[in-house]
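*Asks:* let me see the structure of the following:
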Amino acid sequence: MELIDKDLQSIQEVRRLLKEAREAQQALSKFSQCQIDKIVKAIADAAIAHSERLAKMAQEETGFGKWEDKVIKNIFGSKTIYEAIKDQKTIGILRENKEEKTIDIGIPVGIIAGIVPSTNPTSTVFYKTLISIKAGSCIVFSPHPSAKNCIKEAVEVVAKAAEAAGCPKGAISTITVPTLEATQ
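*Replies:* Next comes the predicted model:
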């Protein structure tokens with residue numbers, strides 16, 4: 001039986017995730033503010049709906065904190081963040097100053113690397129996904145190894161909701177074999 005090097009496996013996975021994210025980014029960068037806002041709402045709704053289940057999963061997997069407190073963090077990272085950003089214009093012409101002859105234009109930055117700690121794993125996935133997609137950018141998460149299962153589940157929840165709302169597949173993903181080499 002041949003053993004597969006974990007570092008090489010994780011690096012290969014990151015390469016595949018980045019390729020998928022680049023393809024998704026090409027499509028996402030053409031979305032209107034209305035399309036982006038629909039996806040962001042779907043992400044927030046799904047995160048809220050799964051907040052308690054994922055809080056319990058995070059506490060059980062990591063051993064950190066109280067699941068009840070993690071529910072509060074999950075609600076903050078989803079509902080409160082959504083409420084704060086939902087009306088912000090982030091795509092296209094944001095402001096125009098005719099006196100100074102300037103125009104501020106919102107464009108995606110591209111693919112974002114989302115580092116996720118073991119202390120607040122699911123709430124971090126929620127808020128980083130919301131702000132990334134709101135800005136029209138894709139995100140690939142690098143989970144802390146001691147919280148990889150709850151992070152993977154949180155990413156699956158938001159990615160599925162986003163895709164159902166029209167987001168390109170591959171715009172939200174996570175490394176499943178976390179290593180320092182893959183993160184770098």
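*Asks:* contacting residues for the most centrally placed residue in the chain?
*Replies:* By C-alpha atoms, centre = their mean, the chain has its centre lying nearest to Thr129, at 2.6 Å. Residues counted as contacts of Thr129 (C-beta atoms under 8 Å, 6 or more residues apart in numbering) are 43, 47, 114, 139, 155, 158, 162, 172. Every C-beta, even on glycine, is put in place using the N, C-alpha and C of the backbone.
*Asks:* nearest to Gly106 among those residues?
*Replies:* Lowest distance from Gly106 to the contacts of Thr129 (C-beta to C-beta) belongs to Ile139, with 17.0 Å.
*Asks:* what about Thr176, distance to Phe141?
*Replies:* Applying C-beta to C-beta, to the nearest Å, the value for Thr176 to Phe141 is 10 Å.
*Asks:* oh, I was asking about Cys150
*Replies:* Noted for Cys150: a distance of 12 Å to Phe141, by C-beta to C-beta.
*Asks:* how about Ala84?
*Replies:* For Ala84 relative to Phe141 (C-beta to C-beta), the value is 21 Å.
*Asks:* circling back to that earlier point, so for Thr176 and Phe141, which sits in the more crowded spot?
*Replies:* Neighbours were counted for Thr176 and for Phe141 using other C-beta atoms under 10 Å; Phe141 has more, 27 against 16.
*Asks:* which element is the more buried one on?
*Replies:* With elements taken from DSSP states H and E, the one containing Phe141 is strand 138-143.
*Asks:* run the chain-centre distance for the following helix or strand past that strand.
*Replies:* Once strand 138-143 ends, the next helix or strand along the chain (criterion: DSSP H and E) is helix 148-164. Between the centre of helix 148-164 and the centre of its chain there are 8 Å (C-alpha atoms, centre = their mean, to the nearest Å).
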